[in-house]
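K.L.:
no sequence on hand, only this structure:
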Ligand code: BES
Ligand code: ZN
């Protein structure tokens, strides 16, 4: 095994699950491993404690007058359940069929370590970097980066940079270098419907009082019109229309046709907002999703119960120029207004993040395209991403820098799911990409 793969395997062995407080020690140990790796490369490093998980910063010796790039990544991972669906231990990485299998392989350890190892290689070959570099790695991305914005505010002078680069997104197809120039924003909430003071016998009381689970079904159904549009009043008010040039450009991108979406998802059919392709629906149109719903009996067989309450977990993906706070206010009044008679609804507002879009053909965008061309020996495609990395818009707001999204995961890399994986060839390309990117950005 190459020393690069050995490093990645060591990194992947830490169960750095940020949402699970029983893993706080593992998250910290992972940060300390990373810190030691960066220190060993000759960078100046700092570990900053936060109310939750540490932030790791590393930099070379900055030379006035050179360009400064900040490379961001996250070393925390999502939980692994359901564990029984994994073919191998999520925290004991293995190679099967040219891919590395482990939690975090793609999201984000494999992608971010490629940048670290690219820098290590350049330092070994040239003994110095062509520009000023700041690595910024956090352990809270998967829980909405609750402490990173205030860290940026407090350290904005030391983190000043011309541009940010992140590999925490995807490629449209194997071998097709992909530059992302947009991300959707997000707004999350939970709604609880309460009825009787306790569970009731559905024969003795059903028909006399409202059923919270049935009320929840009606409330959730009210979020969409039958044609798939979101039915919340004012939801589309500030949506920036797709540009004709991007709609045209996206018809020629491999791997993202409606047929591809059907094949990748394994769904019996496509469904979404009328008038848009699947790529347009996921990259540039807002949505309302049910992430979890429950209430009442979930066990084997039947139980004639009228449950006392029901819950739903919702998230809304947002596009420029929607505001997460404005959308959440609209969601809240929608849920209160549409709550059926005989029950009470409580809405608990969760985390959010702003949408982001930039010009893929800016000076730095063109440098990123050139680096992708070198690393993959192919012409890059330009896309927006359906997922969210809320800190990207915060980088623009606080540091005044735009972000290059240099995705390396594949659509079947199973991020957030069992059997997460990362192609070895993308890991190696990521190392080349980092080396080429620093050269192109230094020009
Ligand atoms: N790396 C993902 C985001 C992503 C994946 C963007 C693929 C584009 C393509 C990131 O780690 C993530 O999962 N973000 C969360 C948001 C967060 C606020 C919980 C998401 O998108 O659900
Ligand atoms: Zn993620």
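P.N.:
Good, I have the coordinates. Bear in mind the structure is a predicted one, so any value in this text is a computation, not a measurement. Ligands and ions are numbered 1, 2, ... in the order given.

K.L.:
any weak-confidence spans in this protein?
P.N.:
Nowhere does the chain drop to pLDDT under 70.

K.L.:
what parts of it come near ligand 1?
P.N.:
Residues of the chain found near ligand 1 (CB under 6 Å from any ligand atom) are 107-108, 141-142, 144, 168-170, 186, 353, 385, 387-390, 415. Every C-beta, even on glycine, is put in place using the N, C-alpha and C of the backbone.

K.L.:
which of the residues you listed fall in strands?
P.N.:
186, 353, 385 (DSSP state E).

K.L.:
which one among these gets closest to ligand 1?
P.N.:
residue 385 (3.7 Å; CB to the nearest ligand atom).

K.L.:
from residue 13, how far off is the closest one?
P.N.:
29 Å (CB to CB, to the nearest Å).

K.L.:
ok so, going back, of the residues of the chain next to ligand 1, closest to residue 371?
P.N.:
residue 169 (15.2 Å; CB to CB).

K.L.:
I'd say the closest one and residue 384 touch.
P.N.:
No - contact criterion CB atoms under 8 Å: residue 169 and residue 384 do not qualify, at 9.9 Å.

K.L.:
tell me, what's touching these two both at once?
P.N.:
Residues within reach of residue 169 and of residue 384 at once, by CB atoms under 8 Å, 6 or more residues apart in numbering, are 180, 183.

K.L.:
got the residue ranges for the helices in the stretch 301-443 of the chain?
P.N.:
Assigned by DSSP state H, counting those that start in this stretch, the stretch 301-443 of the chain shows helices spanning 324-337, 363-376, 391-394, 424-442.

K.L.:
deepest of these, which one?
P.N.:
helix 391-394 (a mean of 23; mean count of other CB atoms under 10 Å).

K.L.:
show me how far that one is from its chain's centre.
P.N.:
Centroid separation for helix 391-394 versus its chain: 12 Å, with CA atoms, centre = their mean, to the nearest Å.

K.L.:
cool, and stretch 199-217?
P.N.:
With CA atoms, centre = their mean as the basis, the mean position of stretch 199-217 lies at 39 Å from the chain mean.

K.L.:
OK, contacts around the nearest residue to residue 13 once chain neighbours are set aside?
P.N.:
In space, and not counting its chain neighbours, residue 13 is closest to residue 91: 5.7 Å by CB to CB, 6 or more residues apart in numbering. Going by CB under 8 Å, 6+ apart, residue 91 touches 12-15, 80, 102-103.

K.L.:
same check, this time on residue 48
P.N.:
Residue 48 sits in contact with 54-57, 151, where contact means CB under 8 Å, 6+ apart.
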